[in-house]
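Participant: The sequence and its predicted three-dimensional model are supplied below.
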Amino acid sequence: MRELFGRPACLTDEPFLYCPGCSHGIAHRLVAEAIDRLGIRGRTVCVSSIGCSVRCWRNFDLDVVQGAHGRGLAVATGLKRAQPDKVIFTYQGDGDLAAIGMGETIHAAARGEAITVIFINNAVFGATGGQLAPTTLVGQVTSTYPGGRDPSWVGWPIRVAELLAQLPATAYIAREALTTPQRVLRARRAVQLAFEVQIKGQGFALVELLAACPPNLKLDPVQALNWVETKMIPHYPLGQLKPAKGAAR
Amino acid sequence: MQEPTRRVLMKGNEAIGEAAIRAGCRFYFGYPITPQNELLEYMASHLPAAGGVFLQSESELAGISMLYGAAAAGKRAMVSSSSPGISLMQEGISYLASAELPALIVNISRGGPGLGRIAPAQSDYLQATKGGGHGDYNILVLAPASVQEMADLTVLAFELADAYRVPAMVLGDGIVGQMMEPVALPPPVTELPPKPWAATGCEGRPRNLILSAPYTDAELVELNRRLQRKYAAIRAREQRAECVLMDDAELGIVAFGIAARLALAAADNLRERGYRVGVIRPVTLWPFPETAFRAYPAVRAYLTVEMNEGQMVQDVRLAVNGAVPVHFLGQGGGYVPPVDAIEEQALAILEGGLAR
Ligand SMILES: Cc1ncc(C[n+]2csc(CCOP(=O)(O)OP(=O)(O)O)c2C)c(N)n1
Ligand code: SF4
């Protein structure tokens, strides 16, 4: 009998503890599949962030290091500089990577640290209950701005992928969405490429994944995916913002 | 004839750097701040030649987390800074303590609060010895009083940090950091302790987790219990103090770091005039060497001398526990206690009948 679909080897048997319709589970799976396919489980270290995915070590059957909120890319820098032959990736939310941790993010990218970043953009702080994130859309209702994001008061959402793509030492920057099967397949290729870039020593690689957080959007899972599709994608265009050298575009 | 020990003339900050390299430290992260820049620059120019990594971090927040990463990889690694930068690192130090990662933090402290000034001060004693960040934890704190000790205590800090899996701090000030003295450098370490717990990729073994947050409330309680057991063992075994002229002393002057050298000069002068004065110099600030205070029954009063507004004196009072009076001389903001001021206050206590 040939197995066509199963649990990736580097996911544990633990169930995901995320809300129904949360995109973290899909993103975990894509990461696990990429590590399996590249055969790098034994030399990979995950740096988890503080957010809903803080306990991703329950699901990733890998060495995992839990860093402070926002400092993932500094922790990863220490890990990678200490063992350049290992594959180091961070798994970070948008509050973690782009609010409290934006300094670490920009400087790790500017230094061209050979690290893979899986960046989950769900347009809110999930773990703390749906507050405004740097990625929250204009007009989007959050628990801290119940009247919706007003750019004249809190500014505009940050397009992280575009920002980092400008830096000369970034090797691969892409944005995909976890909304439909076709898009998940594209995201899967992007995630794998982000690991391949590190293995080839090309530099900093980041994949931004547009994700759904239904409870904080006050939507059901299907409506939340529709919201990502119709509201987020227009503001956050998908595709390779900085293609990797020698890879198919 | 025995070969004389070779000594080199070095600044205190440089002695830390050279001793760290000899102790097998190959990863340094730092952000410029006076009065510790000589250490940053020493590592920048010497660590790469030793096959190590020097990285100027974008901030102390990043620096302490880079240290966390290198320590998680099982490497001997360090950061250095001065007071305001050390304040920024406190969240990271708390994380190091929770994840039980050995690492060295050097604080060449300056006068505060706030930006303060670069004048030497010992105003970070309480921050260093009471944990500093959030949560119930302690870090080892070693206080050098000479350039020689800057080197020796750096090596000891790495060894103790590894032995107990705790962060360690070398706490100096602008004087010990920048003065030059001859120093006999420690021999290079050839073998480092194994760190089977490190996050190096799980090839051929069960995976390793370096976590700051346990999964359940009960596990967090258990982590706290485990940390406290470890701290109790450190308190029992690792207290260090230098006690000079104490055997028959009626007055014990207590001082750490550079202030202790001034206290010793004052004690010498008073001895010449026939007064029975000695000095207790805590070398480990945490664990505080409280047992030293039980060793001298002749003492009828203590005088604590500090370059701050009265921080270590709190620990001296706890150690003495009301048995004899504990007096204080000190000032914050860059005050260096003159030897004659120490003598004067000591005399006042001695001639005032000690116990009053
Ligand atoms: C220093 C610090 N400040 C604040 C927090 C509280 N906090 C935990 S997670 C989080 C936001 C996480 O949001 P995001 O990164 O978007 O991840 P998500 O939960 O949406 O997956 C915050 C503010 C913290 N843990 N540490
Ligand atoms: S709050 Fe949002 S991000 Fe967090 S688990 Fe639930 S759906 Fe996912």
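Facilitator: Right, received. Where do you want to start? Numbers count the residues shown, from 1 in each chain, chains lettered A, B, ... in the order given. Ligands and ions are numbered 1, 2, ... in the order given.
Participant: so for the helix or strand that contains A:Val197, what's the average pLDDT?
Facilitator: A:Val197 is located in helix A:181-199, with elements delineated by DSSP states H and E. Averaged across helix A:181-199, the pLDDT comes to 98.
Participant: Give me the contact list for that helix.
Facilitator: Outside helix A:181-199, the residues within contact range by Cβ atoms under 8 Å, 6 or more residues apart in numbering or on different chains are A:26-27, A:30-31, A:33-35, A:37-38, A:40, A:87-89, A:114-118, A:171-172, A:174, A:176-178, A:203, A:205-207, A:209, A:238, A:240, A:244, A:247. C-betas here are computed from N, CA, C, even on glycine.
Participant: how does it look with 7 Å?
Facilitator: Around helix A:181-199, the neighbours that count as contacts under Cβ atoms under 7 Å, 6 or more residues apart in numbering or on different chains are A:26, A:30-31, A:33-35, A:37-38, A:87, A:114-116, A:118, A:171-172, A:174, A:176-178, A:205-207, A:209, A:244, A:247.
Participant: can you pull the contacts of residue 154?
Facilitator: In the absence of a named chain, chain A is used. Residues touching A:Val154, when contacts are defined by Cβ under 7 Å, 6+ apart, comprise A:Leu132, A:Tyr145.
Participant: could you do chain B instead?
Facilitator: Per Cβ under 7 Å, 6+ apart, neighbours of B:Thr154: B:Ile16, B:Ala19, B:Ala20, B:Ala23, B:Val170.
Participant: Tell me which two of those sit farthest apart.
Facilitator: Within the contacts of B:Thr154, two members stand farthest from each other by Cβ to Cβ: B:Ala23 and B:Val170, at 11.6 Å.
Participant: In the stretch 51-200 of chain B, what residue lies closest to chain A?
Facilitator: Nearest to chain A in the stretch 51-200 of chain B, going by Cβ to the nearest Cβ, is B:Gly69, at a distance of 2.3 Å.
Participant: returning to that earlier point: looking only at neighbour counts, state which of B:Ala23 and B:Val170 leads.
Facilitator: More neighbours surround B:Val170 than the other of B:Ala23 and B:Val170, with 28 against 23 (other Cβ atoms under 10 Å in any protein chain shown).
Participant: Could you pull up the mean pLDDT of the host helix or strand of that one?
Facilitator: Per DSSP H and E, B:Val170 falls inside strand B:167-173. Strand B:167-173 shows a mean pLDDT of 97 in the predicted model.
Participant: Could you look up the SS state of the residue most central in space within chain A?
Facilitator: Nearest to the mean C-alpha position of chain A, counting by Cα atoms, centre = their mean, stands A:Phe119 at 1.9 Å. Classification of A:Phe119 using DSSP: H, G, I helix; E, B strand; the rest coil returns strand.
Participant: So what are the sheet partners of the strand ranked longest in chain B and their directions?
Facilitator: Here the longest strand in chain B is taken by residue count, with DSSP state E as the criterion, and it is strand B:103-111. Each strand paired with strand B:103-111, and its direction, by DSSP bridges: strand B:77-81 (parallel), strand B:117-120 (antiparallel), strand B:167-173 (parallel).
Participant: For chain B, which residues are neighbours of chain A?
Facilitator: Within chain B, the positions near chain A by Cβ under 7 Å from any Cβ of the partner chain are B:27, B:53, B:55, B:58-59, B:61-62, B:65-70, B:72-73, B:75, B:91-92, B:95, B:199-203, B:207-213, B:215.
Participant: try 6 Å this time
Facilitator: Taking Cβ under 6 Å from any Cβ of the partner chain as the test, the list of chain B residues beside chain A reads B:27, B:53, B:58, B:62, B:65-66, B:68-70, B:72-73, B:75, B:91, B:95, B:199, B:201-203, B:207-212.
Participant: Can you name the helix or strand that B:Arg271 falls in?
Facilitator: In this structure, B:Arg271 is located in helix B:258-272 according to DSSP H and E.
Participant: returning to that earlier point: which one is the residue of the stretch 51-200 of chain B closest to chain A nearest to, not counting chain neighbours?
Facilitator: Closest residue to B:Gly69 in three dimensions, ignoring its sequence neighbours and counting by Cβ to Cβ, 6 or more residues apart in numbering or on different chains: A:Gly78, at 2.3 Å.
Participant: The nearest residue to the residue nearest to the centre of chain A once chain neighbours are set aside in helix, strand or coil?
Facilitator: Closest residue in space to A:Phe119, ignoring its immediate chain neighbours: A:Glu208 at 4.5 Å, by Cβ to Cβ, 6+ apart. Reduced to three states with three-state DSSP, the structure at A:Glu208 is strand.
Participant: can you count the residues close to A:Glu208?
Facilitator: Other residues within reach of A:Glu208 by the criterion other Cβ under 10 Å amount to 29.
Participant: got the angle between the helix or strand hosting B:Ala348 and helix B:258-272?
Facilitator: Counting by DSSP H and E, the secondary-structure element that holds B:Ala348 is helix B:339-351. Using axes from the mean of the first three to the mean of the last three Cα atoms, to 10 degrees, the direction of helix B:339-351 lies 60 degrees away from that of helix B:258-272.
Participant: Get me the contact residues on chain A for ligand 2.
Facilitator: Within reach of ligand 2 by Cβ under 6 Å from any ligand atom, chain A has these residues: A:Tyr18, A:Cys19, A:Cys22, A:His24, A:Cys52, A:Asn122, A:Gly126, A:Ala127, A:Cys213, A:Pro214, A:Pro215, A:Asn216.
Participant: quick one: which of these is most hemmed in?
Facilitator: With neighbours defined as other Cβ under 10 Å, the most crowded of these is A:Asn122; it has 30 neighbours.
Participant: Next up, the contacts around it.
Facilitator: Listed by Cβ atoms under 6 Å, 6 or more residues apart in numbering or on different chains, the contact partners of A:Asn122 are A:Ala211, A:Cys213.
Participant: Ok, B:Gly30 next?
Facilitator: If you count contacts by Cβ under 6 Å, 6+ apart, then B:Gly30 has B:Leu40, B:Gly63, B:Val79, B:Ser80 around it.
Participant: And the helices in the chain, which stretches?
Facilitator: In the absence of a named chain, chain A is used. With DSSP state H applied, chain A shows helices at A:24-38, A:72-82, A:94-95, A:102-111, A:151-154, A:160-165, A:181-199, A:214-217, A:221-227, A:233-235, listed in chain order.
Participant: not what I meant, chain B
Facilitator: Taking DSSP H as the criterion, chain B contains helices spanning B:12-22, B:37-46, B:60-72, B:83-88, B:90-98, B:125-129, B:147-164, B:174-178, B:217-237, B:258-272, B:312-320, B:339-351.
Participant: Can I get the ones you listed in CSV including distance to B:Val106?
Facilitator: Written out in CSV, the entries for these read as follows (distance: least, Cβ to Cβ, whole Å):
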stretch, distance to B:Val106
helix B:12-22, 6
helix B:37-46, 7
helix B:60-72, 11
helix B:83-88, 9
helix B:90-98, 12
helix B:125-129, 11
helix B:147-164, 8
helix B:174-178, 9
helix B:217-237, 19
helix B:258-272, 15
helix B:312-320, 19
helix B:339-351, 27
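Participant: Out of the ones you listed, indicate the one that is most buried.
Facilitator: Mean neighbours per residue, mean count of other Cβ atoms under 10 Å in any protein chain shown, is largest over these for helix B:60-72, with a mean of 30.
Participant: May I have that helix as CSV, with CA atoms only?
Facilitator: Taking C-alpha atoms only, helix B:60-72 is exported to CSV below (Å, rounded to 0.1, in the frame of the first residue of the first chain):
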residue,chain,number,x,y,z
GLU,B,60,21.1,45.6,24.2
LEU,B,61,17.7,44.1,23.8
ALA,B,62,19.1,42.3,20.7
GLY,B,63,22.5,41.6,22.3
ILE,B,64,21.1,39.7,25.3
SER,B,65,18.9,37.7,23.0
MET,B,66,21.8,36.9,20.7
LEU,B,67,23.5,35.7,23.9
TYR,B,68,20.5,33.6,24.7
GLY,B,69,20.7,32.0,21.2
ALA,B,70,24.5,31.2,21.4
ALA,B,71,24.0,29.9,25.0
ALA,B,72,21.1,27.7,23.8
